[in-house]
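Undergrad: Okay, predicted coordinates and the sequence, questions at the end:
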Amino acid sequence: MFCYQCEQTQRSDTATGCASQRGNCGKDATTADLQDLLVHATKGIAQFAKRARALGQPDREADRFILYALFTTLTNVNFNATRFVGLLHEAAKLRDAARARYEAAALAAGQQPEPVTGPATWQPAADQAGLLQQAASVGINAGIDEVGADVIGLRSLILYGLKGVAAYAHHAQVLGQEREDVYTGIEDALDYLAQDPADVPLLLQKALAIGTLNLTVMEMLDAANTGTFGAQLPTPVRVTPVKGKAILVSGHDLGDLAALLEQTKDKGINVYTHGEMLPAHAYPKLKAYPHLVGNYGGAWQDQQLDFANFPGPILMTSNCIIEPLPAYRQRIFTAGPVGWPGVRHIEHHQFAPLIQAAQALPGYKEDVPEKTLTVGFGRDAVLGVAGPVIDAVKSGAIKHFFLIGGCDGAVPGRNYYTEFAEQAPQDTVVLTLGCNKYRFNQHDFGDIGGIPRLLDIGQCNDTYSAIKIASALAEAFECGVNDLPLSLIISWFEQKAAAVLLTLLALGIRNIRLGPTLPAFLTPNLVQVLVDQFALKPVGEAKADIQAALLETA
Amino acid sequence: MDCAVRPWSVELRTLDGQSLTLPCDPQQTLLEAAEQAQWRLPAQCRQGSCGACHAHVLAGDYALGEHNPAALPKGAHGGILLCRTSPCSDLTVALPYEHSRIGLGAVPQREAVVSELVRDGEHTVRLGLQLQPDANGGAIAEFEPGQFMELEVPGQDLKRAYSLSNTGNWEGRLEFLIRLQPQGRFSTWLRDQAAVGAALTVHGPQGAFGLREHGLRPRWFVAGGTGLAPLLSMLRRMAEYQEPHATRLYLGVTREAELFGTAELAQLQRDLPGLQVTRCVWQAREGWGGFKGTAVDALRQDLAALGDAGDRPDIYLCGPPALIDAAEQAARDLGVPDEQVLSERFVAR
């Protein structure tokens, strides 16, 4: 295996990337290799799907499969090698169908079908050894000796950005939101990668185009979430247990949560959110279920301890799953793209076994005195108080905004984001997005003239909201986003964050502070390009960075 | 420092003040030693990179291997990663979590009643148990395929271990396939006293025999008699999860009259369409339509037929020790690496 797609990838003086029998995320070499091959296979589907679409014959089954397949290859999503064998064979069938569709469309249009080479011609090997042999030549660093690390790094940036795009688009798709231009963008990019491109300026341009595409996808996801469940409202969320049977739902898939809430209503089972599912409490149509009682546990990296202590079954709807311990292995279920060998998997919202488990497990014996935190400062909520916020900025009561977004790694000594939030001056407002907030969101930040100093915008999936808020502020102050008293402090962990970073860069946003480390696939040359063009900055010491950020827009 | 002296004694102190002591070789990591002692400590990457297994040495000398410095808690001496630390003396280590978070504890004990007792074949009974509600009011049967339970007849000083043949469930059902031994005390109890409704105490689940969940290799299962039970559990689990591995089962008995599990295997073949079942009768009569010979003979024949091509399967063995030894030898002779052969020995008592 060779994988360096996430922040926790192996780094030493001599080598970068996970290249042994097991990645640092827990993914074994077989699974990693099959994921590489699945990415290769999706390129092959896209090559034909793109051409068929150009002839007026889009293939919705292929479009959706590409989203799903790429999503399964994100960090901490699917660790089950057998699922990938199935997906590979499905990919070959869909590719064949896409080819037939393209060839028929071409002939119908009076054209001779063009010969398509590369991933389009792949045929799945009959056995494990054969598949792994195929995988060996299609990994992300294939051809590095010929094209060099910069080209491989840029191809990686595009592919990982695309994976993030696919994950967001899948979340929107399961809620019924799809757009032709999104599928076009994804398949064009995969077709581009299928040609093993090596032109550095063009690769950079394509990477930024992924950022633009991702903005569209996040808008679509925002429309899917708010359209299905209503606009987020500031909502206090209970973080202490309620007596009764209990189910814990983790991940990002609001559709899974909604279906489970519907299936568990009037059954005497309480549903708790975990991790990135926390913002669900702010959506009117979800919080309307009285048995969505609260939030449990900390960030994803604490799940082994949190899950072991939860007295009911657990549903993982998307990333991030880490190795289930024996203490809860029998009562954790995966759904959608998620998988772990030896863990029960649920498809198509068939939650009956999960509900049965909840009824059989003890649940909470007693209420614990109520404690809450508040979520739901989506753009409607924030812009609803835009007047007072703008007045506070104009009067000097609010000097600056810090948007602290993204995802933490598991490293315990990593206190930069906590220190940053807690040391931000009292006349500044901290906006949070994603799950790095778990390091500090129970801290009391107080308020500025009634405006809370800590405003949680939501999941990393809610980045669109943050961009809308920034754009609205810029409009109110009649300036550009870069001229606002706003600094972006971004931690990245996996590929959705790569997509978001590309979006911010594509929007021309400068002075982003990126940490906790820079992506391993960005070579020194590529980092320099980002520094030169976008004033991208690696995070340093929190106190010094706060001072520097305040000066940048002073 | 010379660390290679002897196994050291390592005391692990949990956040809630409990203490666990285990031996640890100088060549072992603390995490490996804990796992060897059947303790599962929270960990993630196991490569010194993620920091999920960080802990703190309170006393003693140790060697901390290659690791990501950022993965260690900052500011204090003695910070370690359990996956990268080996002892050079006796050690006392503080764990940053409570004892309840460790996969450890006394073997669970539950009350159950006989729900089914059916003779199947000449020497085998299928015993069904229904767990009684526990202190929490639940009756969950939580176990991994391949595990066993000890069954205790109350008041008779009689306890025997049997492998489970069903899969974990939320209804509290346990199923066993038990060979009746002519002089066996538990067998005698089953024959003469047991009936639906009889009470038993069960101790478990226990045991490490189980499916190797990762990987794609074909899975071949070789059962001698009621050694079928844990393998049946594994196969049923594969069917539940619709696992796609190429799968074969060899069931060996001495005489045709001993064959059992026909209905269960037929159902399994419906649920797991790729499953190939070979029934092997060692002393078969004329007209026996299945394999004539032992299950190991059949295994040897099919392994040889693989030739140099094809993936060598993972092999799961369960039955009497002689069968295990012979099957292991066959696997070794025909190129299956030792680490791909997993076994559970049935020793009659």
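TA: Yep, it's here.
Undergrad: For the rest of this, base every contact and every neighbour count on C-alpha atoms.
TA: OK.
Undergrad: Tell me the helices and strands packed up against the strand or helix carrying A:Ser487.
TA: Assigned by DSSP states H and E, A:Ser487 belongs to strand A:486-491. Judged by 3 or more Cα pairs under 8 Å, 6 or more residues apart in numbering or on different chains; DSSP states H and E, the packing partners of strand A:486-491 are strand A:400-406, strand A:513-515.
Undergrad: partners of the first one, with directions?
TA: Sheet pairing here is set by DSSP bridges, and for strand A:400-406 it gives strand A:428-434 (parallel), strand A:486-491 (parallel).
Undergrad: CSV please, covering those strands and showing mean neighbour count and mean pLDDT.
TA: As requested, the strands paired with strand A:400-406 are exported to CSV (neighbours: other Cα atoms under 10 Å in any protein chain shown; pLDDT from 0 to 100):
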stretch, mean neighbour count, mean pLDDT
strand A:428-434, 25, 89
strand A:486-491, 25, 92
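Undergrad: looking at those strands, which is closest to A:Gly396?
TA: For those, proximity to A:Gly396 was assessed by Cα to Cα; strand A:428-434 is nearest, at 10.1 Å.
Undergrad: contacting residues for the residue positioned nearest the centre of chain B?
TA: Centroid-nearest residue in chain B: B:Phe209, 1.9 Å away (criterion: Cα atoms, centre = their mean). Neighbouring residues of B:Phe209 by Cα atoms under 8 Å, 6 or more residues apart in numbering or on different chains: B:146-147, B:342-344.
Undergrad: A:Ala62 against A:Gln47, yeah?
TA: No. A:Ala62 is not in contact with A:Gln47 according to Cα atoms under 8 Å; the separation is 11.0 Å.
Undergrad: Please say which of these two ends up with more neighbours.
TA: Set A:Ala62 next to A:Gln47 and count neighbours by other Cα atoms under 10 Å in any protein chain shown: A:Gln47 wins out with 29 against 23.
Undergrad: surely that one meets A:Ala189?
TA: No. Contact criterion Cα under 8 Å: A:Gln47 and A:Ala189 do not qualify, at 9.6 Å.
Undergrad: quick one, helices of the stretch 151-300 of chain A?
TA: Taking DSSP state H, counting those that start in this stretch as the test, the helices found in the stretch 151-300 of chain A are A:180-194, A:200-229, A:254-264, A:284-287.
Undergrad: I'd like these laid out as JSON lines, including mean neighbour count.
TA: Formatted as JSON lines, those follow (neighbours: other Cα atoms under 10 Å in any protein chain shown):
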{"stretch": "helix A:180-194", "mean neighbour count": "20"}
{"stretch": "helix A:200-229", "mean neighbour count": "21"}
{"stretch": "helix A:254-264", "mean neighbour count": "20"}
{"stretch": "helix A:284-287", "mean neighbour count": "18"}
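Undergrad: Could you dump those into a markdown table with distance to A:Pro236 and mean pLDDT added?
TA: As requested, those are exported to a markdown table (distance: least, Cα to Cα, whole Å; pLDDT from 0 to 100):
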| stretch | distance to A:Pro236 | mean pLDDT |
| --- | --- | --- |
| helix A:180-194 | 35 | 98 |
| helix A:200-229 | 17 | 96 |
| helix A:254-264 | 19 | 98 |
| helix A:284-287 | 11 | 98 |
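Undergrad: now check the lengthiest strand in chain B, is it near chain A?
TA: The strand that spans the most residues within chain B, counting by DSSP state E, is strand B:109-120. No. Strand B:109-120 stays clear of chain A (Cα under 8 Å from any Cα of the partner chain), getting no nearer than 15.1 Å.
Undergrad: same for the next helix or strand after that strand, what does it pack against?
TA: For strand B:109-120, the following helix or strand on the C-terminal side (DSSP H and E) is strand B:124-131. The helices and strands touching strand B:124-131, judged by 3+ Cα pairs under 8 Å, 6+ apart, are strand B:109-120, strand B:173-179.
Undergrad: ok so, going back, pick out the shakiest of the helices and strands packed on strand A:486-491, pLDDT-wise.
TA: Sorting these by mean pLDDT places strand A:400-406 lowest, at a mean of 89.
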